[in-house]
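J.: test case, fold it:
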Amino acid sequence: MSKNIAESTFREVLLEKGFFVLKFQNNSDETEFFKRDIDNSYIQLHYCVKGNCKFHFNNNSYTFNVLDKHSIFLYNPQQNLPINLEILPKTSLVSVLISIEKFHTFFSKEASYIPFLSENNKNKKYYDNAEINPNVLFVLQQILTAQNQSSMRDLYIKGKTYELLSLHFDSGESTNEEYCPFLVDDREVSKIRKAKDIIISRMSEPPSLQDLANEVGLNLKKLKEGFKQIYGDTVYSFLFDYKMDHARKLLESNQYNVNEVGLHVGYSTSSHFIAAFKKKFGTTPKQYVMSLQQ
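T.: Next comes the predicted model:
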């Protein structure tokens, strides 16, 4: 199945029963959206070859922000993970959907070094977010550029997808500690959400990253990586955007002057607040308030 939308293309290739490849190329200047139901028997591998895309889960309660030349791996035997995808402009993405039954036929002998196939982990959810290595990236580009008019195209894509999986799960690259994701259950997600709530509630005097990590019970590396994975930004960049949006709403209420709003969001001097507001919105707080009265 293929679909063209202006400067965007989408193609789905059924390789075998329980084994699909999806190709997205958004060459437009607008964000595209894609949704598809996927049941809990499927493994999902999504490769952002170029650009940026976002996967929303649990009714948009959290998001995986997949950056340029990064991939995410998703498997949750406990619940369905339907695809709710936001494809930003100038983005190319390849997705591989494969049933766990089909996957076992490929890697039954290699289960000892693929963590989520081990006996202890077979009923656990498994998430991973990693940079795409150059060999994998080369194969992905070949899949993306496979010509639609070629009578052998689907066979070519099938062969390249087998190559892609073999490279992704190569034993020489999959045995290092960093391959195993830390977001294996909702406890880590809950701690990262708690961290977000803490910095918002204390936006005028936020804790240091180390203090924040200690308070929620995560090490600093997991806090930084997990926060960016779920919210798509660093802790303090997220807080800056939140503070500016909150300041804008306070100004719109007409209940506070500029100095009061600045103090409310953690700026002891109005000049620093004005500079921050202008950096975010391209205008000063006073000019913004005046524009509302026009």
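J.: so residue 12 touches residue 19, yeah?
T.: No - applying CB atoms under 8 Å, one finds residue 12 not in contact with residue 19, separated by 11.7 Å. No exception for glycine: its C-beta is placed from N, CA and C like everyone else's.
J.: show me which of these two is the more surrounded one.
T.: residue 19 (21 against 14; other CB atoms under 10 Å).
J.: can you pull out the helices in this structure?
T.: Using DSSP state H, the helices found in the chain span residues 100-107, 134-144, 153-168, 171-174, 186-201, 209-216, 220-231, 235-253, 258-264, 270-281, 285-292.
J.: tell me the bridge partners for residue 22.
T.: Beta bridges link residue 22 to residue 12, residue 95, judged by DSSP bridges.
J.: my read: it touches residue 14, true?
T.: No - look at residue 22 against residue 14 with CB under 8 Å: they stay out of range, at 10.5 Å.
J.: higher neighbour count, those two?
T.: Neighbours were tallied for residue 22 and for residue 14 using other CB under 10 Å; the higher tally belongs to residue 22 (20 against 12).
J.: using CSV, list the CA coordinates for stretch 139-149.
T.: In CSV, the C-alpha atoms belonging to stretch 139-149 read as follows (Å, rounded to 0.1, in the frame of the first residue of the first chain):
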residue,chain,number,x,y,z
VAL,A,139,20.7,0.0,4.9
LEU,A,140,17.9,2.3,6.0
GLN,A,141,18.7,4.7,3.2
GLN,A,142,18.6,1.9,0.7
ILE,A,143,15.2,0.9,2.0
LEU,A,144,13.9,4.5,1.7
THR,A,145,15.2,5.0,-1.8
ALA,A,146,14.0,1.7,-3.3
GLN,A,147,12.2,2.6,-6.5
ASN,A,148,8.4,2.2,-6.5
GLN,A,149,8.3,1.2,-10.2
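J.: mind checking pLDDT for the residue lying closest to residue 71 once chain neighbours are set aside?
T.: Once flanking residues are discounted, residue 71 sits nearest to residue 47: 4.5 Å by CB to CB, 6 or more residues apart in numbering. pLDDT recorded at residue 47 is 95.
J.: list the contacts of residue 47.
T.: Going by CB atoms under 8 Å, 6 or more residues apart in numbering, residue 47 touches 71, 93, 94, 95, 96, 132, 136, 140.
J.: distance check, it against residue 262.
T.: Applying CB to CB, to the nearest Å, the value for residue 47 to residue 262 is 44 Å.
J.: return the helix or strand in the protein with minimum mean pLDDT.
T.: Comparing every helix and strand of the chain by mean pLDDT, DSSP states H and E singles out helix 171-174 as the least confident one, with a mean of 44.
J.: give the buried residues for stretch 16-25.
T.: In terms of neighbour count (16 or more other CB atoms under 10 Å), stretch 16-25 has its buried residues at 18, 19, 20, 21, 22, 23, 24, 25.
J.: doesn't residue 99 make contact with the first one?
T.: Yes - applying CB under 8 Å as the test, residue 18 and residue 99 come out as touching, 3.5 Å apart.
J.: what sits in contact with each of these two?
T.: residue 42.
J.: so where's the chain shaky on pLDDT?
T.: Along the chain, segments meeting pLDDT under 70 span 1-7, 107-124, 148-151, 171-186, 229, 232, 294.
J.: domains for it, by residue range?
T.: 8-169, 187-292 (the TED database).
J.: find the nearest non-adjacent residue to residue 266, please.
T.: Spatially, and ignoring its direct neighbours in sequence, residue 266 is nearest to residue 204 (3.9 Å; CB to CB, 6+ apart).
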